[in-house]
Every structure is written in C-alpha cells, then in structure tokens.
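S.K.: Just a sequence and a predicted model for now, questions to come.
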Amino acid sequence: MNNAVTKLGYSAEGAPGRIFPTNVKDTVPLYRAYNTQITDHFYTTNAAEMDNAATKLGYSREGIAGYIYPNEECGAVPLYRAYNQQITDHFYTNSAAERDNAVNALGYSAEGITGYILPN
C-alpha cells in the first residue's frame with residue numbers, strides 16, 4: 001500500500017477488517033514480509049509461499065502480523081489479494097467489487113483469498 005499511496009496517488013482507506021493478535025481456535029498465522037527495493041508488503045497464510053517470497057523474491061520476513069481464519073466462518077469476510085506486476089504492488093481488500101475494479105481497470109491480477117478476517 002505504501003507504494004500505491006506515495007508513488008501512485010492512491011488514498012489509504014484504512015484496514016479492511018480486524019485480525020486476531022494471538023492464536024485463537026481455528027485461526028492460522030498471517031505472515032508479513034516487506035521488500036525495500038519495491039516498497040511492497042506481502043501477506044500470506046502459506047508458509048511455503050512466504051519462504052519463496054523471502055528466498056527468491058527479495059522480501060524480508062517481518063513475522064506474524066496476526067491470525068485469521070483459513071475458511072469462512074463466524075461472520076468473517078474474505079481478504080482478497082491482487083498484484084500489479086507493472087507497479088510491483090500487492091493490494092488487499094475485503095470487497096469483491098473493489099478487487100474486481102483493481103483487476104478490470106487498474107492492471108492487477110487476482111491472487112485469490114488470503115483468508116477470512118473480522119469485519120470492522
């Protein structure tokens with residue numbers, strides 16, 4: 001998001017939802033990494049995907065950001081992830097319409113659902 005706000009003129013909209021600060025029943029770690037060369041944060045619940053980002057894509061592990069549900073439950077909403085290779089930016093939202101706009105109009109590719117978060 002820093003890249004999108006500082007370099008591309010986007011406005012920060014705040015967090016798309018809430019995550020758990022500690023591991024609670026049925027949640028998984030949400031790993032966070034940062035690439036200083038492209039000023040991009042990367043979030044995933046997949047440890048192998050995090051390993052790949054850290055060893056092959058230039059990201060530095062920043063640890064566990066919190067915990068989220070891997071599946072839909074308890075009124076949780078999807079956390080969608082998209083990526084724009086041209087501007088090297090990951091985009092996260094809980095809105096399918098916002099994700100679709102990023103894909104259809106802004107050059108992002110949908111990367112699926114990272115997990116499920118609590119709505120604000």
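M.R.: The structure has been received and is ready for your questions. Numbers count the residues shown, from 1 in each chain.
S.K.: What residue in the protein is the furthest from its centre?
M.R.: Among the C-alpha atoms of the chain, the one farthest from their average position, using CA atoms, centre = their mean, is that of residue 25, at 21.6 Å.
S.K.: could you say which helix or strand contains it?
M.R.: Secondary-structure element containing residue 25, defined by DSSP states H and E: none, the residue being outside all helices and strands.
S.K.: From residue 48, how far out is it?
M.R.: Distance check for residue 25 against residue 48: by CB to CB, to the nearest Å, it reads 24 Å. In this view, the C-beta of every residue, glycine as well, is placed from N, C-alpha and C.
S.K.: Which neighbouring residues are in contact with the nearest residue to residue 78 once chain neighbours are set aside, exactly?
M.R.: In space, and not counting its chain neighbours, residue 78 is closest to residue 113: 4.6 Å by CB to CB, 6 or more residues apart in numbering. When the contact criterion is CB atoms under 8 Å, 6 or more residues apart in numbering, the partners of residue 113 are 78, 79, 80, 81.
S.K.: Would you confirm that the third one belongs to a strand?
M.R.: Yes: assigned with DSSP: H, G, I helix; E, B strand; the rest coil, residue 80 falls within a strand.
S.K.: what helix or strand is residue 67 on?
M.R.: Using DSSP H and E, residue 67 sits within strand 60-68.
S.K.: for the record, mean pLDDT for that strand?
M.R.: Per-residue confidence for strand 60-68 averages out to 98 on the pLDDT scale.
S.K.: can you list the residues that contact it?
M.R.: When contacts are taken as CB under 8 Å, 6+ apart, the neighbours of strand 60-68 outside the stretch itself are 19-24, 27-36, 43, 45, 50, 54, 76, 79, 114-117.
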